[in-house]
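> give me a model of this one.
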Amino acid sequence: MAVLYLSYNNPMLPEMMPISSLIYQIRPGEDNGPWLMLLHGLGGDEHAMSLFTRSIPAAFTVISPRAPIAIEPGMFPGYTDRGYSWVRSALPPERVSFAPAIELLGDFIRSFKRVPVFL
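All right, here's what the predicted structure looks like:
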């Protein structure tokens, strides 16, 4: 299984490149196969979900974006001081705190020519 690390300005596979500021990892699948997007949790990054790609059929194109907020020491006391987050607020986050991430992910998804499958 080959996993390609791509960012929005990588010249590889231009037909798959979104117009987005999110950094992501992609495992290409079959040309007309389904897409699957895997989102990491608090403290993860675009590589955190690669463990699961081994169990996903090769027909799927698997995309794992990195959350946009770099965690700084003291940002989430008692949880983690590194990695990335989809929210800025301390845990438990309020539903409204996810709005910027949801909007960013929506733009990310729309920038692809095909729509991923979400689980």
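
> from here on, contacts and neighbour counts on C-alpha atoms
Will do.

> quick check: mean pLDDT of stretch 25-40?
The predicted model assigns stretch 25-40 a mean pLDDT of 90.

> how far out from the middle of the chain is stretch 71-86?
Stretch 71-86 sits 18 Å away from the centroid of its parent chain (C-alpha atoms, centre = their mean, to the nearest Å).

> may I see the buried residues of that stretch?
71, 75-76, 80, 82-86 (16 or more other C-alpha atoms under 10 Å).

> want to try JSON lines for those, with pLDDT and distance to Glu46 as columns?
Below are the buried residues of stretch 71-86 laid out as JSON lines (pLDDT from 0 to 100; distance: C-alpha to C-alpha, whole Å):
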{"residue": "Ile71", "pLDDT": "92", "distance to Glu46": "14"}
{"residue": "Met75", "pLDDT": "87", "distance to Glu46": "20"}
{"residue": "Phe76", "pLDDT": "86", "distance to Glu46": "19"}
{"residue": "Thr80", "pLDDT": "87", "distance to Glu46": "17"}
{"residue": "Arg82", "pLDDT": "90", "distance to Glu46": "14"}
{"residue": "Gly83", "pLDDT": "93", "distance to Glu46": "10"}
{"residue": "Tyr84", "pLDDT": "94", "distance to Glu46": "9"}
{"residue": "Ser85", "pLDDT": "92", "distance to Glu46": "11"}
{"residue": "Trp86", "pLDDT": "90", "distance to Glu46": "12"}
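
> dump the helix or strand where Ala101 lies to PDB, keeping only the CA atoms.
Under the criterion of DSSP states H and E, Ala101 resides in helix 99-110. Extracted C-alpha coordinates of helix 99-110, given in PDB (Å, rounded to 0.1, in the frame of the first residue of the first chain):
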ATOM      1  CA  ALA A  99     -18.300  25.900  13.100                       C
ATOM      2  CA  PRO A 100     -15.000  27.300  11.700                       C
ATOM      3  CA  ALA A 101     -13.700  23.700  11.200                       C
ATOM      4  CA  ILE A 102     -16.900  22.600   9.600                       C
ATOM      5  CA  GLU A 103     -16.800  25.500   7.200                       C
ATOM      6  CA  LEU A 104     -13.100  24.800   6.400                       C
ATOM      7  CA  LEU A 105     -13.800  21.100   5.800                       C
ATOM      8  CA  GLY A 106     -16.800  22.000   3.600                       C
ATOM      9  CA  ASP A 107     -14.600  24.200   1.400                       C
ATOM     10  CA  PHE A 108     -12.000  21.400   1.400                       C
ATOM     11  CA  ILE A 109     -14.500  18.800   0.200                       C
ATOM     12  CA  ARG A 110     -16.000  21.100  -2.400                       C
END
